[in-house]
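> Sharing a model that was predicted from the sequence below.
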Amino acid sequence: MSNLDDLKNSVRKLPELSEKNYSLAGYIAAGLISLSGAFFVYEILFRGDLTFSAQWNMFKSPLIGPLWFVGLVVMFMNWSKFNFSYDTYEKTTYASGRVEVKRDYDIISWLMGHVVAPILGYFVLVPLFVAAVIYYPLMCIVHIVGSIFPYVLSLLVIGIIAAAWMLPPKADFRFRSYILVAVGLFFTAAFSWGGYAIHTSAPGSTIQMLADTQGASGNNDEFSTGNNDSNDEFGPAATEGDSSDEFGEGTTEGQENSDMDDEADDQFAGVGEEGLLGCLPEGTTTLEGDMDGFPIEITITKNDSSGDVSGVYKNVKYGTTMNLSGESLPAMGGDINFYGKADGQDWTFYLSGTCDHVTGTAQSGGKEFRLSLHKKN
């Protein structure tokens, strides 16, 4: 019976690889992990932007609901330690100089002191205070981790590569060769997939990541729609004016349109004679520089001196673009504002200076980024 059991056990057991084959499997696995890990680290540090920032406005964070509930539980557990009820008193001073203080029994004052104030205190102030005490230290940790996350992740990958070379010779357990090959293939696939994902996409939450996913077709729908609405608004009016001469109304409609055109001409009178708009030649000018250290290009097309400008934002690192709609009013002194939309985010660029040295800011999603550009040679 024992011989039969031994035979069954031997059939169920996987054969061990020889020491020579085990060493070869170890070198192959470590080599694959090293190559895929090096590719992953390169993409993390030089191609992608995996940093993220904290949301300092607690009321815009999805954590506000759960943390408020935690604060509510803390409030109920310490109910007796809080007291928000109060009474109001009225003071009467008599001619003799005697001062009499009596409790005010006005119904509004009583409701404020014994109903409204306790409700706000117990169910709003205390839970929000507890939520803030938990939330902001947590955001400090998120901010620190977010700023160094790519480097920490890179060190972790390098540690796994080092372990792939150092640990296999010390392993002494059954089926170690098969486990080594499986682990090697797992990390190789994981690192390769991670590097490829960063290389072909734009993860992250910074300016370059938001704008890079938008191709050349990323027009600002808001301003495109605005121009169409403007045409639709003036087009029917002109048509009505022409077709209503029979009834004597065409002159009035046409006069209104003419007045509005005159106002538009007056609005842009003098535009293009000073500032950035004034120094730009008619046609296309390409500016290059950086946005908070990230290389970009902005191509500005100036059609005439009426303030009609447009632009194209280009991400130098990834080669993607975003169309911009521009304006420059007399009150802006020749400065140019550009508006665009990318990846569901509205962008506003404020540019000033001369074409030899342009400075400004870009704003989107509550964030602001500094621009420094110069004319491309």
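Looks like it arrived, so ask away. Residues are numbered from 1 along each chain as shown.
> Would you confirm that residue 321 contacts residue 296?
No: judged on CB atoms under 8 Å, residue 321 makes no contact with residue 296 at a distance of 10.3 Å. Heads up, the C-betas are built off the backbone N, CA and C, glycines and all.
> which regions of the stretch 151-300 of the chain sit below the pLDDT cut-off?
Counting by pLDDT under 70, the stretch 151-300 of the chain shows low-confidence ranges at 171-175, 201-273.
> May I have the beta-bridge partners of residue 359?
Residue 359 has these beta-bridge partners by DSSP bridges: residue 352, residue 372.
> Quickly note the distance from it to residue 339.
Here the distance between residue 359 and residue 339 works out to 19 Å (CB to CB, to the nearest Å).
> related to what we said a few turns ago, any residues in contact with both of residue 321 and residue 296?
Any residue near both residue 321 and residue 296 by CB atoms under 8 Å, 6 or more residues apart in numbering counts here, and that gives 313, 314, 315.
> Tell me which stretches of the stretch 251-377 of the chain form helices.
Read by DSSP state H, counting those that start in this stretch, the stretch 251-377 of the chain holds these helices, from start to end of the chain: 275-279.
> give the contact list for residue 147.
Residues in contact with residue 147, defined by CB under 8 Å, 6+ apart, are 51, 53.
> neighbours around residue 320, how many?
Neighbour count of residue 320, defined by other CB atoms under 10 Å: 19.
> Tell me the backbone dihedrals of it, please.
Its backbone dihedrals place residue 320 at phi -90, psi 160, with angles given as degrees, to the nearest 10.
> Model confidence for it, exactly?
What the model reports for residue 320 is a pLDDT of 77.
> ok, so what distance separates it from residue 288?
Look at residue 320 and residue 288: by CB to CB, they are 16 Å apart.
> Show me which of the shared contacts of residue 321 and residue 296 is closest to residue 368.
Within the shared contacts of residue 321 and residue 296, distances to residue 368 taken as CB to CB reach their minimum at residue 313, with 15.9 Å.
> what does the domain assignment say about this structure?
According to automatic domain parsing, the chain comprises the domains 13-203, 221-375.
> out of these, deepest packed?
Ranked by average neighbour count under the criterion mean count of other CB atoms under 10 Å, those are headed by domain 221-375 at a mean of 16.
> where does the stretch 1-150 of the chain have low pLDDT?
Segments of the stretch 1-150 of the chain classed as low confidence (criterion: pLDDT under 70) are 1-22, 48-49.
> Quick one: the helices in it, in order.
Taking DSSP H, counting those that start in this stretch, the helices of the stretch 1-150 of the chain run over residues 2-12, 19-42, 64-77, 107-111, 117-120, 126-166.
> Of all those, which one is nearest residue 183?
Shortest separation from residue 183 across the helices of the stretch 1-150 of the chain is recorded for helix 19-42, at 7.1 Å, computed as CB to CB.
> neighbouring contacts of that closest one?
Outside of helix 19-42, the residues that reach it under the criterion CB under 8 Å, 6+ apart are 17, 154, 157-158, 160-161, 164-165, 168-169, 176-177, 180-181, 183-185, 187-192, 194-195, 198.
> So what's the gap between that helix and the chain middle?
The chain centroid and the centroid of helix 19-42 are separated by 37 Å under CA atoms, centre = their mean, to the nearest Å.
> Would you mind getting the angle between that helix and helix 126-166?
Angle between the axes of helix 19-42 and helix 126-166 is 140 degrees (criterion: axes from the mean of the first three to the mean of the last three CA atoms, to 10 degrees).
> first to last residue in stretch 46-53, what's the distance?
One end of stretch 46-53 sits 19 Å from the other (CA to CA, to the nearest Å).
> From the chain's centroid, how far away is that stretch?
Stretch 46-53 sits 12 Å away from the centroid of its parent chain (CA atoms, centre = their mean).
> Isn't residue 102 up against residue 90?
Yes: Residue 102 is within contact range of residue 90, at 5.9 Å (criterion: CB under 8 Å).
> Please, where are all the strands along the stretch 251-377 of the chain?
In order along the chain, the stretch 251-377 of the chain carries the following strands (DSSP state E, counting those that start in this stretch): 283-291, 294-302, 309-315, 321-327, 336-342, 345-354, 357-364, 367-375.
> Thanks again, I'm all set now.
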